[in-house]
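**Q** Please find the sequence and the predicted model below.
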Amino acid sequence: MMTRTLVRMFAHCFRSILWTVVATASLCSAVLCAAADSAKRLPNIVIIFCDDMGYADVGCFGAKGYATPHLDGMATQGVRFTNFHVPQAVCSASRAGLMTGCYPNRIGIHGALVPKTNHGIADSEMTIAQVVKQKGYATGMAGKWHLGHHPRFLPTHHGFDEYLGLPYSNDMWPLHPETKPGAWPPLPLIEGDKAIKVGLDHKDQEQLTTQYTERAVRFIEKNKDRPFFFYLAHSMPHVPLHVSDKFRGKTERGLFGDVISEIDWSVGQVLDALKRCGVADNTWVIFTSDNGPWLSYGDHAGSAGPLREGKGTEWEGGTRVPCIMRWPGKLAAGKSSDAMLMTIDLLPTIAKLIGAQLPKHKIDGLDVWPVIADRKGAKNPHEAYAFYYANNQLQSVGTGDGRWKLQLPHTYWTLGGRPGGKDGIPAKYEWRKLEQPELYDLQTDIGEAKNVIADHPDVVKRLEAFAEKMRADLGDTLTKRKGSGVREPGKLAEAVK
C-alpha cells in the first residue's frame, strides 16, 4: 500500500514538473517569437515638411525670439543635419523631388503650380507612398500637396490611403492682400480627392496647423499595429501667416514666432503619439523644409542665418534647409552631421531599408543610409548635385561631399541688403545677373562671399564637366540645351477652373 502511494506521489510530482517545463518552454517560445516579430517588423516613417522655413528658423539652428523645445529635444534624441538640401528652392518643384526621388525638371514639374494649371504629377511616376505600399504600409498625408489640384493628381491617386489638406499654397486665394481681383478661385480644403469646404477664410487658416496635426495623431493611433508612412506637410510658415488662439501673441518675434511655436507644438504632438502608441523606437522621423525663407516678407519671413539669399534662388539660403532626424537605436543621439544630403535621396534610401523595388524608370536620388547612420567610412555616393530653377535653368552644381559649389551664369532676385517688408506686405526684389561662373568653398565660406574660381581650376573643370552631363540629360534653357532624359508631367486636355 505504501509503495503504491509513493508511486502515485512521484508520478504526480513528475507530471507537475513536466507541465512546468512545457509551460516555461512555451512562454520562452512566445517571448522569443514576439521578439523576433518585433525585430522583423518594418519601420514606420514620418516626414514633417514645412513651407518656407529657413535654415535658422529652429532653435538648435540659431532661431531668436522664440523657443522650439520639441524640435530641439528631437535633435537631442537624434541627428541635426546642417548640410541638407532641396533640389529647387520653390514649392512644387521641391515637393516633386521629395516625393519621387527625381530632379523635378526630369518629371516636368517647374516652379509653383497655380490653381488654373492643367498639369501635375504623372500617373507613371512612383511616390514614396507607392514605394512603401509594396510592403503593406498604411499611408496617409495631411497638409499642402502642390503637385496638381485636379483629382487625378491628388495624393489618394498616388499611393496615399487618406489625405486632408490644401492642393496648393495658402496664398493662392482671393483674400490675400497681394492677390489681384479674379486671380485665384476660392481656396479649397480637400478630403481624399473632394473639396469638403470651398472658400477658406482667415479663421479657417488659423486652424490648419491644428487640423493637420490632429489628423497625423489619429492616423498613428489607428495604424500602430502595422507599418505606416505619414507625410505631414504644414502650410506654415508660408505667407499669409496664420496661427491659432493658443499660440497667438506668445513670442517676442511676433506672428512669425507664434507660427513656428505652433509648428513646434505639432512636432511634439506627433512624437507623443508615437511614444503613447509604443512605436517610437521603430519610427524614423524626418523634419525639414521645402526651401529657404521668403526674405521679401521681412517680419513675416524667417531667416537663412549665415547663408546667402533665400527662397527663389539656388544660393545656399534657398536650398539648404534645417533637418532633424530621429530613430532611437538606429541614429546616434545628440549628434550633428555636416554630410551633404538632398531630399531626392530619401525615396531610394527608404526603398533599400524596407526591401522595396525602385521604379523601372530613372531616378536621381541614391541610397544614403550609410551616411545618415554615420557608418564608418561612409561617403555620399553622388559625384555631384545639380540645382535647377525657373523654367529648367541649370544655375549651380555642387560636389557630393558638400564642399564645392559652382554658381553658373544666371539672373537671380535679391533684396541687395535692404530690409524686407512689414505686416505681410513684401518689399520689392531687384534682379542681378551673374555674368561669369563663381566657385565657393563651403567648408570655409558657408555664406558664399569669396569667389575662389581662380585658385581651383581642377575643381572648376570637374564641376563644369558634371554640368555638361546634366545638360545632356535634363537640358538647360540658359544654354539652349534640350535633355534626352526628361519625362512629361501628367496633363489634362484643358485647364481646370
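**A** Yes, it's here.
**Q** C-alpha from now on. contacts and neighbour counts both.
**A** OK.
**Q** Assess the claim that Ser169 and Gly148 are in contact.
**A** No. Using C-alpha atoms under 8 Å, Ser169 makes no contact with Gly148, being 11.2 Å away.
**Q** between these two, who's got more neighbours?
**A** Gly148 (28 against 24; other C-alpha atoms under 10 Å).
**Q** for that one, what are its contacts?
**A** Going by C-alpha atoms under 8 Å, 6 or more residues apart in numbering, Gly148 touches Leu113, Thr117, Asn118, His119, Gly120, Ile121, Leu154, Pro167, Tyr168.
**Q** ditto for Arg418
**A** Residues near Arg418 by C-alpha under 8 Å, 6+ apart: none.
**Q** what's the burial count for the nearest residue to Ala138 once chain neighbours are set aside?
**A** In this structure, Ala138 finds its nearest non-sequential neighbour in Phe228, 4.5 Å apart by C-alpha to C-alpha, 6 or more residues apart in numbering. If you count neighbours by other C-alpha under 10 Å, Phe228 ends up with 25.
**Q** if we can go back for a sec, lowest-confidence one in the contacts of Gly148?
**A** Least confident entry in these, by pLDDT: Thr117, with 91.
**Q** which element is that one on?
**A** Using DSSP states H and E, Thr117 is not contained in any helix or strand.
**Q** Tell me, domain by domain, which residues of the chain belong where.
**A** Domains of the chain are assigned by automatic domain parsing as 42-382, 393-491.
**Q** Out of the ones you listed, which one sits most buried?
**A** Ranked by mean neighbour count under mean count of other C-alpha atoms under 10 Å, those are led by domain 42-382, which reaches a mean of 21.
**Q** Endpoints of that one, how far apart?
**A** Terminal residues of domain 42-382 are spaced 27 Å apart (C-alpha to C-alpha, to the nearest Å).
**Q** do stretch 46-59 as well
**A** Start and end residues of stretch 46-59 are separated by 21 Å (C-alpha to C-alpha).
**Q** Mind checking the pLDDT average for that stretch?
**A** Per-region confidence: stretch 46-59 scores 98 on mean pLDDT.
**Q** With stretch 307-321 instead?
**A** 98.
**Q** Just the C-alphas of it, formatted as CSV.
**A** Output in CSV follows, covering the C-alpha atoms of stretch 307-321 (Å, rounded to 0.1, in the frame of the first residue of the first chain):
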residue,chain,number,x,y,z
LEU,A,307,23.6,81.7,-45.7
ARG,A,308,23.3,83.8,-48.8
GLU,A,309,19.9,84.8,-50.2
GLY,A,310,16.7,82.7,-49.7
LYS,A,311,13.7,81.2,-51.4
GLY,A,312,13.6,81.5,-55.1
THR,A,313,17.4,81.3,-55.5
GLU,A,314,19.9,78.5,-55.8
TRP,A,315,22.3,80.1,-53.4
GLU,A,316,22.7,78.3,-50.1
GLY,A,317,20.0,80.3,-48.4
GLY,A,318,17.5,79.0,-50.9
THR,A,319,18.3,75.3,-51.0
ARG,A,320,20.0,74.5,-47.6
VAL,A,321,17.2,73.9,-45.0
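**Q** Beta-bridge partners for Ser336, please?
**A** Arg80 (DSSP bridges).
**Q** My read is that it contacts Phe84, right?
**A** No. Look at Ser336 against Phe84 with C-alpha under 8 Å: they stay out of range, at 11.7 Å.
**Q** Overlap of the contact sets of Ser169 and Gly148?
**A** By C-alpha under 8 Å, 6+ apart, no residue touches both Ser169 and Gly148.
**Q** Tell me if Ile196 really is in a strand.
**A** Yes. Counting by DSSP: H, G, I helix; E, B strand; the rest coil, one finds Ile196 located in a strand.
**Q** pLDDT weak spots in the stretch 351-497 of the chain?
**A** The stretch 351-497 of the chain contains residues with pLDDT under 70 at 494-497.
**Q** can you map out the helices along it?
**A** Along the stretch 351-497 of the chain, the segments classed as helices by DSSP state H, counting those that start in this stretch run 369-372, 457-474.
**Q** can I get those in JSON lines with distance to Gly417?
**A** Listed next are the helices of the stretch 351-497 of the chain as JSON lines, based on distance: least, C-alpha to C-alpha, whole Å:
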{"stretch": "helix 369-372", "distance to Gly417": "36"}
{"stretch": "helix 457-474", "distance to Gly417": "29"}
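**Q** Go through the ones you listed and name the closest to Glu316.
**A** helix 457-474 (16.9 Å; C-alpha to C-alpha).
**Q** who touches that closest one?
**A** Outside of helix 457-474, the residues within contact range by C-alpha under 8 Å, 6+ apart are 105-106, 384, 386, 394, 397-399, 404, 406, 439, 453, 481-486.
**Q** Equivalent analysis for stretch 50-57, please.
**A** Stretch 50-57 has contacts (C-alpha under 8 Å, 6+ apart) with 61-64, 91, 233-238, 260, 288-294, 302-305, 310-311, 317, 320-322.
**Q** what about the strands in the stretch 1-150 of the chain?
**A** Shown for the stretch 1-150 of the chain, the strands assigned by DSSP state E, counting those that start in this stretch span residues 44-50, 79-85, 119-120, 138-143.
**Q** now the ones you listed as CSV including distance to Ile128?
**A** Output for the strands of the stretch 1-150 of the chain, formatted as CSV (distance: least, C-alpha to C-alpha, whole Å):
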stretch, distance to Ile128
strand 44-50, 10
strand 79-85, 18
strand 119-120, 16
strand 138-143, 10
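**Q** Which one of those lies nearest to Ala493?
**A** Checking the strands of the stretch 1-150 of the chain against Ala493 by C-alpha to C-alpha gives strand 119-120 as the closest, at 9.2 Å.
**Q** contacting residues for the residue nearest to Ala138?
**A** Residues near Phe228 by C-alpha under 8 Å, 6+ apart: Pro43, Asn44, Ile45, Tyr137, Ala138, Thr139, Ile220.
**Q** Thank you kindly, that will do.
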